[in-house]
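> no FASTA, just this:
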């Protein structure tokens, strides 16, 4: 009798692609984009699933590149915020659906940008699926002003699409994604502390075979 239980052993293919320099105007920084594809997971004892997930993130791809990241109103982020568009495709050569997550990994953030006003949003197929900010009071309190000799905090991870909200792609399907980042204006707050900050990280797409329960 064939078993439909998933085997735990994966074949992992990692693609690391340098996309380019991000200059946010709050400090020179860079971004590296990675895609980690986990394929050939056993669906049963006699047949293995083939997963072929690709992304448009390449060294020739679009990168966020601007001389200034100014304060904007919340309603303006899609027009005035900085953005990066990319795709994730489960190729027709796959024999199984895919599910994937998106994270910013290896993130470096200056202390003043651990702020509720440094924000991000992720659209998939023209629909906002997740939003958030970079505040984390367990590391740095809101309103911190950079001091001479301050070093960014490094080795951080920011989930954009977590494993609990992983996207499922049918065979042959493509998701079109856009990541936005911006500094959000708050007229009632003195936001001078947000200047001269820095940010860098890797945008990571991780895909695995998906089998519905």
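Thanks, I have it. Bear in mind the structure is a predicted one, so any value in this text is a computation, not a measurement.
> what's across from residue 84 in the sheet?
Under DSSP bridges, the beta-bridge partners of residue 84 are residue 179.
> wait, residue 177 sits on residue 102?
Yes - Residue 177 is within contact range of residue 102, at 7.3 Å (criterion: CB atoms under 8 Å). C-beta coordinates here come from the backbone N, C-alpha and C atoms, glycine included.
> how long is stretch 128-144 from one end to the other?
30 Å (CA to CA, to the nearest Å).
> start the count at 29, not 1, going forward
Right, with 29 as the first residue, what we last looked at is stretch 156-172.
> just how off-centre is it within its chain?
Centre-to-centre, stretch 156-172 and its host chain are 15 Å apart (CA atoms, centre = their mean, to the nearest Å).
> ok, now which ones touch residue 161?
Residues near residue 161 by CB atoms under 8 Å, 6 or more residues apart in numbering: 143-148.
> circling back: mutual contacts of residue 205 and residue 130, please.
In contact with both residue 205 and residue 130: residue 150, using CB under 8 Å, 6+ apart.
> picking that back up, which among the contacts of residue 161 end up buried?
The neighbour-count test (16 or more other CB atoms under 10 Å) marks 143, 145-148 as buried among those.
> which one of those is nearest residue 80?
Ranked by distance to residue 80 (CB to CB), those are led by residue 148 at 28.9 Å.
> Skip ahead from whichever strand or helix holds the closest one and say which helix or strand is next.
Per DSSP states H and E, residue 148 falls inside strand 146-152. Moving toward the C-terminus from strand 146-152, the next helix or strand (DSSP H and E) is strand 155-161.
> shaky segments in the protein?
29-76, 86-97, 241 (pLDDT under 70).
> That one: helices as residue ranges?
105-108 (DSSP state H).
> mind listing the strands for it?
Along the chain, counting by DSSP state E, strands occupy 39-51, 56-67, 81-83, 99-100, 110-118, 125-137, 146-152, 155-161, 181-189, 195-197, 202-212, 227-238.
> Pipe those into JSON lines and attach distance to residue 168 per row.
Formatted as JSON lines, the strands of the chain follow (distance: least, CB to CB, whole Å):
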{"stretch": "strand 39-51", "distance to residue 168": "21"}
{"stretch": "strand 56-67", "distance to residue 168": "17"}
{"stretch": "strand 81-83", "distance to residue 168": "32"}
{"stretch": "strand 99-100", "distance to residue 168": "20"}
{"stretch": "strand 110-118", "distance to residue 168": "22"}
{"stretch": "strand 125-137", "distance to residue 168": "9"}
{"stretch": "strand 146-152", "distance to residue 168": "12"}
{"stretch": "strand 155-161", "distance to residue 168": "13"}
{"stretch": "strand 181-189", "distance to residue 168": "7"}
{"stretch": "strand 195-197", "distance to residue 168": "31"}
{"stretch": "strand 202-212", "distance to residue 168": "16"}
{"stretch": "strand 227-238", "distance to residue 168": "13"}
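> Looking at the ones you listed, spot the one closest to residue 171.
Closest approach to residue 171 among those is made by strand 146-152 (12.4 Å; CB to CB).
> Looking at the strands of the chain, which is nearest to residue 219?
The nearest among those, by CB to CB, is strand 99-100 at 6.4 Å.
> Run me through the strand neighbours of the closest one, direction for each.
strand 202-212 (parallel).
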